[in-house]
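[1] no sequence on this one, just coordinates:
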Ligand SMILES: N[C@H](CCC[C@H](N)C(=O)O)C(=O)O
């Protein structure tokens, strides 16, 4: 039997599959198909993608994370997902400080004490951070880097910052709540279908400043659409917040980042050319579904979710946090 863990970070839900536990390996084409099958199922709980855990041959790494969006596309990074993978590996190997291999870096994971009854709280490193056009990539925009720039092709009133962490993000700070819905949806949709600016697509994040070290972020994700939260989006937006509004950010203190699914905290590190973000937030294991390994690809998967009870604990925690 194989176990499909049903997990989330700030209600950004994934199925998590440890392929190191399978008898037969699955290649990326099969994993991409499985991600689409799970997220398009009419009977399974909703998921934004598939987190694949595998072994790692890198020193200091106790595992490797691969990320597949719900449309089957591969993502180079996933912040909410890395917190869930980190918790899974911490419990598998009984460790609290370690690294996880990701596409472009081996990243630090730290297991904090639970932040509330039944709510795991995990800190993960989000890196590398790059601004060069080739890193995103973006094209046909006359900027060597996009930091708080007007881009009339995208908006007649918003300014934008764009960075790879290392997945691609486009960020804007808005004042009007209306910008968080239709304008965000329209720009996100436009830049995630064939277009002349972001050939690989881009995660689009609109944020509101709520106060010193306090923001709200809503994201239209590449390969998914609107999600309750995007860990890398909240991390990249925190970096942009510190860069563009230094008077509103004390980098020695965490930033509270609220999102439609809850709240995370970030710490931005802007040491010369070594920029990175620590993302701290829940890693809720809602439950798991068991399926015969041979059926994963070939048969419908039934919703026999065995629940852990953690979702009730998470919702109780969310009730206690105020924007
Ligand atoms: N849609 C993203 C990957 C998932 C990121 C998000 N779920 C997170 O928590 O960072 C991309 O294609 O770059």
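    Ah, there it is. The model shown is predicted, which means the values in this text are computed figures rather than measured ones.
[2] Get me the contact residues on this protein for the ligand.
    Residues of the chain lying near the ligand by Cβ under 6 Å from any ligand atom: 12, 67, 69, 75, 78-81, 167, 203, 221-224, 227, 230-232. Where C-beta positions appear, they are placed from N, C-alpha and C, glycine not excepted.
[3] Next one: residue 315 relative to the ligand, how far apart?
    20 Å (Cβ to the nearest ligand atom, to the nearest Å).
[4] Now the helix or strand harbouring that residue: buried residues?
    Per DSSP states H and E, residue 315 falls inside helix 310-320. Neighbour counts over helix 310-320 (16 or more other Cβ atoms under 10 Å) mark 310-311, 313-314, 317-318 as buried.
[5] now swap in stretch 14-33 and tell me
    Buried, per 16+ other Cβ under 10 Å, within stretch 14-33: 14-19, 26, 31-33.
[6] Next, count neighbours for residue 309.
    Residue 309 has 10 neighbours, counted by other Cβ atoms under 10 Å.
[7] ok, and the closest non-adjacent residue to it?
    residue 118 (7.0 Å; Cβ to Cβ, 6 or more residues apart in numbering).
[8] Do I have it right that the one you found meets residue 313?
    Yes: contact criterion Cβ atoms under 8 Å: residue 118 and residue 313 qualify, at 2.9 Å.
[9] just so I have it, where are all the helices in the stretch 201-323 of the chain?
    Applying DSSP state H, counting those that start in this stretch to the stretch 201-323 of the chain gives helices spanning 231-244, 295-298, 310-320.
[10] Any chance of the ones you listed in JSON lines with mean pLDDT as columns?
    As requested, the helices of the stretch 201-323 of the chain are exported to JSON lines (pLDDT from 0 to 100):
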{"stretch": "helix 231-244", "mean pLDDT": "98"}
{"stretch": "helix 295-298", "mean pLDDT": "94"}
{"stretch": "helix 310-320", "mean pLDDT": "97"}
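[11] right, and residue 266 touches residue 277 too?
    Yes: Residue 266 is in contact with residue 277 according to Cβ under 8 Å; the separation is 5.5 Å.
[12] So for these two, which residues contact both of them?
    Common neighbours of residue 266 and residue 277, counting by Cβ atoms under 8 Å, 6 or more residues apart in numbering, are 235, 238.
[13] hmm, back to that, for the helix holding residue 315, packing partners?
    Judged by 3 or more Cβ pairs under 8 Å, 6 or more residues apart in numbering; DSSP states H and E, the packing partners of helix 310-320 are strand 262-271, strand 284-291.
[14] between it and strand 284-291, how many degrees?
    160 degrees (axes from the mean of the first three to the mean of the last three Cα atoms, to 10 degrees).
[15] The ligand: which of the buried residues of helix 310-320 is nearest?
    Of all the buried residues of helix 310-320, residue 314 has the smallest distance to the ligand: 16.0 Å, by Cβ to the nearest ligand atom.
[16] so what's the backbone phi/psi at residue 54?
    For residue 54, the backbone dihedrals are phi -140, psi 170 (criterion: degrees, to the nearest 10).
[17] and it, what are its bridge partners?
    In this entry, residue 54 is beta-bridged to residue 64, by DSSP bridges.
[18] Isn't it up against residue 64?
    Yes: using Cβ under 8 Å, residue 54 is in contact with residue 64, at 4.5 Å.
[19] Comparing the two, which residue is more hemmed in?
    More neighbours surround residue 64 than the other of residue 54 and residue 64, with 21 against 17 (other Cβ under 10 Å).
[20] residue contacts, the more buried one?
    53-56, 58, 100-102.
[21] again, but for residue 91
    Listed by Cβ under 8 Å, 6+ apart, the contact set of residue 91 is empty.
[22] Following the chain past the helix or strand encompassing it, name the next helix or strand.
    Using DSSP H and E, residue 91 falls within helix 79-93. Of the helices and strands lying after helix 79-93 in sequence (DSSP H and E), the nearest is strand 97-101.
[23] That next one vs helix 79-93, what angle?
    Relative orientation of strand 97-101 versus helix 79-93 (the same axes, to 10 degrees): 120 degrees.
[24] Strand 97-101 - what's its average pLDDT?
    For strand 97-101, mean pLDDT rounds to 98.
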